[in-house]
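Asker: just the structure for this:
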Amino acid sequence: MVKRFPHTITIESPSFKEVDGQLQKQDTVKATIKGRFEPLSIPKVVLKEGGDSVEVSLCVFTKVKPISDAVSVTFDGQKYNVVKWEAWQTYSIIYLK
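Answerer: Model (predicted):
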């Protein structure tokens, strides 16, 4: 039987701590999730939250809900930058650069 989410992917996001009323960046937090890493057959233009458009050619499908401050994804020893993490009804898509 084919697995829907066969790959193990590591997500990195910054951790912050409040010091004297200001947020300061601490260590990077890593989370391991299951997903399906796929190259896109045709590059897709994705709108980032700031309104900028970026062309992406890789994505990860997963059941994990979006982590808003996710910065990078590591898969098979390669590190990719997270462009956008989009939620759908039964899954989410992480667009990578």
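Asker: from here on, just use CA atoms for contacts and neighbour counts.
Answerer: Will do.
Asker: what's the residue of the chain positioned farthest from its centre sitting at in phi/psi?
Answerer: Centroid-distance maximum for the chain: residue 20 at 30.9 Å, with Cα atoms, centre = their mean. For residue 20, the backbone dihedrals are phi 50, psi 40 (criterion: degrees, to the nearest 10).
Asker: top strand in the protein by residue count?
Answerer: The residue-count maximum for a strand in the chain (DSSP state E) belongs to strand 22-47.
Asker: for the helix or strand following that strand, buried residues please.
Answerer: Sequence-wise, the next helix or strand downstream of strand 22-47 (DSSP states H and E) is strand 53-62. Within strand 53-62, the residues that count as buried by 16 or more other Cα atoms under 10 Å are 54, 56, 58, 59, 60, 61, 62.
Asker: and the residues you listed, which two are furthest apart?
Answerer: Farthest apart among the buried residues of strand 53-62 by Cα to Cα are 54 and 62. That separation is 21.1 Å.
Asker: coming back round to it: parallel or antiparallel, list what pairs with the longest strand of the chain.
Answerer: Using DSSP bridges, strand 22-47 pairs in its sheet with strand 7-19 (antiparallel), strand 53-62 (antiparallel).
Asker: beta-bridge partners for residue 11, please?
Answerer: According to DSSP bridges, beta-bridge pairing links residue 11 with residue 31, residue 73.
Asker: from residue 35, how far out is it?
Answerer: Computed with Cα to Cα, to the nearest Å, the distance linking residue 11 and residue 35 is 11 Å.
Asker: cool, residue 70 as well?
Answerer: Residue 70 is 15 Å from residue 35, by Cα to Cα.
Asker: between these two, which one's more packed in?
Answerer: residue 35 (23 against 20; other Cα atoms under 10 Å).
Asker: tell me if I'm right that that one and residue 61 touch.
Answerer: Yes - between residue 35 and residue 61 there is a contact under Cα atoms under 8 Å: 5.4 Å.
Asker: what do these two both touch?
Answerer: residue 5 (Cα atoms under 8 Å, 6 or more residues apart in numbering).
Asker: related to what we said a few turns ago, out of the strands paired with strand 22-47, which is closest to residue 78?
Answerer: Closest to residue 78 of those is strand 7-19 (Cα to Cα; 10.3 Å).
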